[in-house]
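Q: Sequence and computational prediction follow.
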Amino acid sequence: MPELPEVETIVRGLDSELRGKKVKSLVFLSTHLKKKRAYSTLDPAAYRGLKIERIRRRGKLIIMSFQWQKGLIIHLKMTGQLLLTGSEQPVDKHTHAVMRFFGIKKELRFRDIRKFGLISCLPMNKIEEKILSSLGPEPLEIELTEFYRRLKAHSKKRVKSWLLDQKIIAGIGNIYSDEILFQAGINPERPAGSLSLEESQKLFVAMKSVLRKAIKFKGSSISDYVDSSGQSGKYQKLHQVYGRENQLCKRCQQEKIKRKKIGGRSSFYCPSCQT
DNA sequence: AGCCCATCCTGTCCGC
DNA sequence: TGCGGACAGGATGGGC
């Protein structure tokens, strides 16, 4: 479900509500999460009594750090949600984990219809290690020279797949890659290394501006994305290409938006504006 | 190196 | 109205 802007929105809400709170309990309700605990070295019960130091984002990962260098990594994958809910609200069948706190009525619930999401219980040093080894730089922090270097380092890869590769750059998913390429006027099937310096710069600027604006609008709610308070995002209203198959291009008003599978993902683009 | 495909799941939507 | 198939914001691993 969520890409960088959605995860950023969730994390900002959670950090402001939960930083400094002390955990009363962490419980996994579903066996699939416990099995995926293969990635974990700590027991959920070990978090009782620990104060939350910070909740932050890295790529699409949510990282919660606690006292005594303990941490959690949460990946929402396609349909995961983190919801701050009154404890009196009924728990539905898609809720797979619950964290309760001392001193507040609300609890944190992990919902996930398709069960792709995961929660790993790890010491912070293992988390740092994992992040360093598996994720590329942040799109909102990377500089142009490094961006350009990375385009050339994977020059045969199609630029759409390049944007989606978390090891190259972390946090962009299927919606925002299409929106970024549209804004940059670049065809998604161009090999990454074929972009001129000027085109690379256009892509770089488009990436930053699309993501910043999407964060400002609290992400895109396409099917079931909501933030931790249950609010929908508003950026879907500003989408220029994603989901607009056969509709007139908003830029040239001539061509119809095309839909094509690229790297197994539905991709939307204007064949005339994106070259 | 990089492509394609299947896989992990559940829900929805579309055509017949 | 029912049924089957395709599809969905992600990531991984195998085969070519």
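A: Arrived safely, thanks for sending. None of these values were measured; they are calculated from a predicted model.

Q: What are the boundaries of the helices in the stretch 151-275 of chain A?
A: A:159-164, A:174-184, A:197-216 (DSSP state H, counting those that start in this stretch).

Q: Just send those helices back as JSON lines, with mean pLDDT, distance to DNA strand B and mean neighbour count too.
A: Placement of C-beta: from N, CA and C, glycine included. Shown next, in JSON lines, are the helices of the stretch 151-275 of chain A (pLDDT from 0 to 100; distance: least, C-beta to the nearest atom of the strand, whole Å; neighbours: other C-beta atoms under 10 Å):
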{"stretch": "helix A:159-164", "mean pLDDT": "98", "distance to DNA strand B": "4", "mean neighbour count": "24"}
{"stretch": "helix A:174-184", "mean pLDDT": "98", "distance to DNA strand B": "13", "mean neighbour count": "25"}
{"stretch": "helix A:197-216", "mean pLDDT": "98", "distance to DNA strand B": "15", "mean neighbour count": "18"}
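
Q: of all the ones you listed, which lies closest to A:Glu138?
A: helix A:197-216 (9.7 Å; C-beta to C-beta).

Q: Compare the helices of the stretch 151-275 of chain A and give me the one nearest A:Ile257.
A: helix A:174-184 (8.9 Å).

Q: What is the closest one packed up against?
A: Helix A:174-184 sits against helix A:159-164, helix A:197-216, strand A:265-269, with contacts defined as 3 or more C-beta pairs under 8 Å, 6 or more residues apart in numbering; DSSP states H and E.

Q: between the longest one and helix A:174-184, how big is the angle?
A: For the pair helix A:197-216 and helix A:174-184, the angle between their directions (axes from the mean of the first three to the mean of the last three C-alpha atoms, to 10 degrees) equals 130 degrees.

Q: List of residues touching helix A:197-216?
A: For helix A:197-216, the external contacting residues (C-beta atoms under 8 Å, 6 or more residues apart in numbering) are A:4-5, A:8-9, A:139-140, A:144, A:147-148, A:151, A:159, A:163, A:171-172, A:176, A:179-181, A:183-186, A:195, A:220, A:233, A:235, A:238.

Q: for A:Ile74, which residues make a bridge with it?
A: Beta-bridge partners recorded for A:Ile74 (DSSP bridges): A:Ile62, A:Ile119.

Q: got a list of what it touches?
A: Counted by C-beta under 8 Å, 6+ apart, A:Ile74 has contacts A:Leu61, A:Ile62, A:Ile63, A:Met64, A:Gly80, A:Leu82, A:Phe110, A:Gly117, A:Leu118, A:Ile119, A:Ser120.

Q: and it, what pLDDT?
A: Looking at A:Ile74, its pLDDT stands at 97.

Q: Could you do the one 4 residues further on as well?
A: A:Met78 is assigned 95 on the pLDDT scale.

Q: can stretch A:88-104 be found next to DNA strand C?
A: No. Judged by C-beta under 7 Å from any atom of the strand, stretch A:88-104 and DNA strand C are separated, with a smallest distance of 13.0 Å.

Q: What separation do you get for the residue lying closest to A:Tyr269 once chain neighbours are set aside and DNA strand C?
A: Leaving aside its sequence neighbours, A:Tyr269 sits nearest to A:Pro188 (C-beta to C-beta, 6 or more residues apart in numbering; 5.4 Å). From A:Pro188 across to DNA strand C, the span is 13 Å (C-beta to the nearest atom of the strand, to the nearest Å).
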